[in-house]
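Asker: Quick one, fold the following:
(chains A and B)
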Amino acid sequence: MDQQELRAWEARCIQEEPPGCRAGCPLGVDGRAFARTVAEGEMAAARAILEKSMPLTGIVARLCEAPCEQYCLRQALGGAVALGELERACVAAAPSQGKILRLPPRPKKVVVVGGGPSSLSLAFDLGKKGYPVTLFHSGEHPGGWLNRLPEQVLPAAVLEEELARLQDLGVSFLPMSQLSPQLYQEAEGCYLGQDDALPGAITSLLRQPDHLTFALPQTGWFSGGTSDEDDRFRFISDISQGREAAISLDRFLQGASLTASRVALRHGRTELFTRTDQVTPRQRILPADPRGYSRGEALQEASRCLDCQCLECVRHCQYLQAFGAYPKVYARRIYNNSAIVRGNHQANTLINSCSLCRQCETLCPNDFSMADLCLEARQTMVREERMPPSAHWFALEEMRSARSEGALRRHAPGTTNSRALFFPGCQLAGTRPEQTLALYERLRELEPETGIWLDCCAAPAHWAGSTTEFAAILEQLETGWSEMGRPRLITACSSCLQIFRQHLPTVPVESAWVVLAAHPQAATGTPRPALALSDPCTSRDDPQTQAAVRTILARLDQALAPLAMSGEQTECCGFGGLMESANPKLARQVAAARVAQTEAEILTYCAMCRDQLARAGRPVSYLLDLLLPEQALPAATAPVTISARRSQRRQLKAELLARYAPQEGPAPAPWEALKLNISEPVAVMMEERRILEDDLRQLLYLADQKRLKESIDPTDPAKTRGSCFIHPESGARIASARLGQVTFWVEYQQEAGVYRIERCWSHRMVIQGGRP
Amino acid sequence: MNLSFLPADMNWRCQSCGATLQPGMVELHYLGNVFRVELPVCPSCSAVLISEELATGRMLEIEQLLEDK
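Answerer: Residues are numbered from 1 along each chain as shown, chains lettered A, B, ... in the order given. Below is the predicted model:
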């Protein structure tokens, strides 16, 4: 990702767009933060928010006609939040915090002719920037028509206080009588404020100022305060014109362009999307006292603010919530993560935790895709050899195991051709081997020439960002399919379906559920009490499969309980995108949040979703539990352990192979026969630490004294594979061996041919100068 | 990580050699980094014992730190 791409990504996320009130304020006051702060009762802090963007806050807050209210999304839900009234309540309750900081004095002098609101606003902004300003006013005091306002609207003391503050900012006030043509002709910058009575000599010089810069044809001259007396927003428009002219004058005095990179007023325009369909209408609070809100009324009125935010994606995604921000911020973090040369890559976990489920993309008004962002970042990390080796290690090992010891590709027994090929998916094969076989039988009833293909579709390699391995496996899959006579594939896994469709478009593939839905006689079974159907995230863009599942359920008379996020908006179970591998804790949270969305028993048609969601401690059924009553597992069945997934894949393969010729199966590895005694706490430890029974059996097999002695190579200790230690008092033993990228350890007791496992652990560091 | 990680209970024997483990300096390598640490080692065949506490504690911490470097 380069800077330009980053900006394109950032531009897609609209969360930082201003809310309507701010976009509609010509001064850019953060009305949302202001209302929130008033609602919290923090009046002094609320005033500070006003002062941040508002000149002469004591005056402006009292007189502002609140054009912002036109853009308030509360409008149709009880009336716009009364920001104007709240401003008045705020400045009445909280006095100014004191001195305003002024930048160091600058040499260029500004002359302001006119003392109306626009002139005061301009003098305030330029005074703050350090320019010495001389302001010539009509009448006795500066302020123009402000001096004629009733005391309850603008107390004389407030006007006086704000004028004194202007003087502190280096503004000098002089009566108009002292203005000589020489003064304004020789000034380096001049502003003519038309919202005050100007001398005839000046008005004769006035031309129409530019509508954006407020520049007059005379170089260095600017003019504003042109609002009509009957303008609804006369006061605030003049204040705004003074501010815009001040920006121009500052640019002019610095020799800069008046227009380059100038941010135009938004007049309420914003890209921010805020969902309001769930908002309950609440009527605007009317002040009991016509002079304005009491404190209580102000707090109540401010609490009507919707706190406009987009966060459409974040609201529904545990992953996006977990990192404390929103996609725009994440895009920058991900960019920075790859841009840094030295130091910690702090966004690695952020990048690797996304389930790539694309719910954000569906919910986002601008289709922002965290999946694309994270997947591209992962691919870069792998290419640049920066991917943490542990992040996807287990899932990739699992994939490689399913593609070797668990893999099988055959025509149906007794046939030499396949018109269809059943590709159940490695997770179904690993978690529900009996149901896999029964489903295969059902498919063969529909099409006897249905071959079987146990394998993995390489989704883990894709999700891990490992483009090379992914491409290599895809090629092997395509070759395998060709060798079978290029039949149509039938898969029970939405992820497999997605991978084949997107990455092997020549391979015709369909969902097993679509096949069953098309054959009413094949989709029989027993209904249960209403079930909440959780669509797998990889079926998001597959309405055909989603509809087929619903057809099957309708045919079973299976009632469905509502589940908010389903169909196109469905959620991930926590396994997708290898979230479970890179961030198991978050994956648990995701599953827990998903099951909490319904009281009903959950039904899925993805084998991995079933076990992930069941891990959250709720009953979850798999579609085949309904369709295959004889092989049905109770909804409360515990998720299959990582060890069992491997051994069940092997058993399924052996069982299938036995149908062809009993002697055909591969001979089991010698360590497979070792008997283990694993208590429940140790089983949990193994699951958490991702240590397989297979791993322990290999360690224990190597730890056999004779084999160990034979394996020791005195000339090169690194060649020695395992080690074993014994505690002379307790009789406990610890065995260890390096298997692939990891060194595994197991503490055990040997009792009558059974290994009682006490604990096991592992590390990735390599021991040298000694040996495991 | 130039430290000593000797467990409280050093009473372990190497099954192959029969020798009691003794403190010894061992190098641990990960992602191009090397750490010299003191661990229980078999004086005869150099087999090293890494405790559960070390592997799931300090070692894991350092591995993760290095993976994010």
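
Asker: Every contact and neighbour count from this point should use C-alpha atoms.
Answerer: OK.

Asker: beta partners of A:Phe422?
Answerer: A:Ile452, A:Ile490 (DSSP bridges).

Asker: Please tell me how far it sits from A:Ala461.
Answerer: 22 Å (CA to CA, to the nearest Å).

Asker: How about A:Ser121?
Answerer: 62 Å.

Asker: do the same with A:Leu258
Answerer: Applying CA to CA to A:Leu258 and A:Ala461 gives a distance of 54 Å.

Asker: Please say which of A:Ser121 and A:Ala461 ends up with more neighbours.
Answerer: Using other CA atoms under 10 Å in any protein chain shown, the more surrounded residue of A:Ser121 and A:Ala461 is A:Ser121, with 26 against 23.

Asker: show me the contacts for the more buried one.
Answerer: A:55-56, A:239-240, A:242-243 (CA atoms under 8 Å, 6 or more residues apart in numbering or on different chains).

Asker: In CSV: the residues you listed, plus pLDDT, neighbour count and secondary structure.
Answerer: Listed next are those as CSV, based on pLDDT from 0 to 100; neighbours: other CA atoms under 10 Å in any protein chain shown; DSSP: H, G, I helix; E, B strand; the rest coil:
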residue, pLDDT, neighbour count, secondary structure
A:Pro55, 96, 23, coil
A:Leu56, 96, 23, coil
A:Ile239, 98, 27, helix
A:Ser240, 98, 25, helix
A:Gly242, 98, 30, helix
A:Arg243, 98, 26, helix
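
Asker: now those residues in TSV, with distance to chain B?
Answerer: Formatted as TSV, the contacts of A:Ser121 follow (distance: CA to the nearest CA, whole Å):
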residue	distance to chain B
A:Pro55	48
A:Leu56	51
A:Ile239	52
A:Ser240	50
A:Gly242	52
A:Arg243	48
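
Asker: Can you tell me which of the residues you listed is nearest A:Ala201?
Answerer: A:Gly242 (21.5 Å; CA to CA).

Asker: Now do the contacts for the closest one.
Answerer: A:Gly242 sits next to A:117-122, A:193, A:224-225 when contact means CA under 8 Å, 6+ apart.

Asker: So which of these sit within strands?
Answerer: When DSSP state E is applied, those are split such that A:193, A:224 fall in strands.

Asker: Buried only: go through the contacts of A:Gly242 for me.
Answerer: Among the contacts of A:Gly242, those scoring as buried are A:117-122, A:193, A:224-225 (criterion: 16 or more other CA atoms under 10 Å in any protein chain shown).

Asker: With respect to A:Gln309, which of those is nearest?
Answerer: A:Ser121 (30.9 Å).

Asker: Against chain B, how distant is the closest one?
Answerer: Using CA to the nearest CA, to the nearest Å, we find A:Ser121 at a distance of 52 Å from chain B.

Asker: Then A:Lys128?
Answerer: Distance from A:Lys128 to chain B, by CA to the nearest CA: 46 Å.

Asker: what do you get for A:Pro155?
Answerer: Distance of A:Pro155 to chain B, given as CA to the nearest CA: 62 Å.

Asker: give me every residue that touches that residue.
Answerer: With contacts taken as CA under 8 Å, 6+ apart, A:Pro155 has no neighbouring residues.

Asker: What sits closest to A:Val682 if chain neighbours are left out?
Answerer: Excluding the flanking residues, the one nearest A:Val682 by CA to CA, 6 or more residues apart in numbering or on different chains is A:Arg759, at 6.1 Å.

Asker: before we move on, what about A:Asp372?
Answerer: Sequence neighbours aside, A:Leu356 is the residue nearest to A:Asp372 in space, at 7.6 Å (criterion: CA to CA, 6+ apart).

Asker: Domains in chain A, by residue range?
Answerer: A:18-97+A:296-302, A:110-253, A:312-383, A:393-652, A:670-763 (automatic domain parsing).

Asker: least reliable of the ones you listed going by mean pLDDT?
Answerer: Note on the domains of chain A: domain A:670-763 shows the lowest mean pLDDT, a mean of 88.

Asker: helix/strand/coil for the most centrally placed residue in chain A?
Answerer: The geometric centre of chain A, computed from its C-alpha atoms, lies nearest to A:Leu320 (CA atoms, centre = their mean), at 3.3 Å. In three-state terms, and counting by DSSP: H, G, I helix; E, B strand; the rest coil, A:Leu320 is helix.

Asker: thought it was touching A:Val314?
Answerer: Yes - using CA atoms under 8 Å, A:Leu320 is in contact with A:Val314, at 5.2 Å.

Asker: can you list residues touching both of the two?
Answerer: Common contact partners of A:Leu320 and A:Val314 (CA under 8 Å, 6+ apart): A:Tyr326.

Asker: Chain B: strands as residue ranges?
Answerer: Using DSSP E, the strands of chain B run over B:13-14, B:22-30, B:33-41.

Asker: Need the contact partners of the last one.
Answerer: By CA under 8 Å, 6+ apart, the surrounding residues in contact with strand B:33-41 are A:770, B:1-7, B:10, B:21-29, B:47-50.

Asker: What's the ChimeraX line that selects buried ones from those residues?
Answerer: Per 16+ other CA under 10 Å, the buried members of the contacts of strand B:33-41 correspond to this ChimeraX selection:
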select /A:770 /B:5,6,7,10,21,22,23,24,25,26,27,28,29,47,48,49,50
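
Asker: on that earlier part again, could you dump the domains of chain A to a markdown table with distance to B:Thr56?
Answerer: Compiled in a markdown table, these are given as follows (distance: least, CA to CA, whole Å):
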| stretch | distance to B:Thr56 |
| --- | --- |
| domain A:18-97+A:296-302 | 46 |
| domain A:110-253 | 59 |
| domain A:312-383 | 19 |
| domain A:393-652 | 16 |
| domain A:670-763 | 7 |
